[in-house]
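Visitor: I'd like to go over a predicted model; first the sequence, then the structure.
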Amino acid sequence: MGDLSICILFASPNKNGNTATLLAPFITELTKFGVTINFVDLFEKQLAPCEGCYDCQSIRDKPGCSISDDMKTIYNLVLDSQCIVFVTPIYTWYC
């Protein structure tokens with residue numbers, strides 16, 4: 001698969017729960033093919049909510065935000081990836 005890079009955004013608060021268990025064989029198979037995996041555990045990141053300031057609307061050539069948190073790092077990982085995988089638990093059939 002060559003230079004394929006996948007960003008996995010893991011959104012479960014339980015690092016060893018069902019969601020992680022289901023994700024493990026997926027990651028194992030990707031690594032067999034030499035895929036670069038950028039794994040982001042969202043619960044380990046400092047992410048602030050949007051303040052509705054619209055600063056992001058004034059920047060045209062890249063993601064822009066006036067909030068200084070870990071989202072800037074996540075933006076770069078997402079933009080450098082060919083595929084994005086959202087991994088989230090389902091509670092009573094609702095993400």
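Guide: Received it, and whenever you're ready, just let me know what you need. Numbering: from 1, shown residues only.

Visitor: now the residue of the chain most remote from its centre: how far from Thr31?
Guide: Distance from the C-alpha centroid of the chain, by CA atoms, centre = their mean, peaks at Ser58 (24.2 Å). Separation of Ser58 from Thr31 (CB to CB, to the nearest Å): 40 Å. For every residue, glycine as well, the C-beta is placed using N, CA and C.

Visitor: before we move on, what about Trp93?
Guide: From Trp93 to Thr31 the distance is 31 Å (CB to CB).

Visitor: and after the helix or strand where Thr73 lies, which helix or strand comes next?
Guide: Assigned by DSSP states H and E, Thr73 belongs to helix 71-79. Sequence order places strand 83-87 as the next helix or strand after helix 71-79, per DSSP H and E.

Visitor: neighbouring strands of that following strand in the sheet, and parallel or not?
Guide: Sheet pairing here is set by DSSP bridges, and for strand 83-87 it gives strand 5-10 (parallel).

Visitor: give me the contact list for the helix or strand just after the partner strand.
Guide: Downstream of strand 5-10, the first helix or strand assigned by DSSP H and E is helix 18-32. With contacts defined as CB atoms under 8 Å, 6 or more residues apart in numbering, helix 18-32 is touched by Ile6, Ile8, Phe10, Ser12, Asn14, Ile37, Phe39, Val85, Val87, Thr88, Pro89.

Visitor: give the buried residues for helix 18-32.
Guide: Thr19, Ala20, Leu23, Ile27, Leu30 (16 or more other CB atoms under 10 Å).

Visitor: can you check stretch 81-88 too?
Guide: Neighbour-count burial for stretch 81-88 [16+ other CB under 10 Å]: Ser81, Val85, Val87.

Visitor: what's the helix or strand of the chain with the lowest mean pLDDT in contact with?
Guide: Using mean pLDDT, DSSP states H and E, helix 71-79 stands out as the lowest-scoring helix or strand of the chain, at a mean of 93. Applying CB under 8 Å, 6+ apart, the external contacts of helix 71-79 come out as Cys7, Leu9, Asn38, Val40, Lys45, Leu47, Ala48, Lys62, Pro63, Cys65, Ile84.
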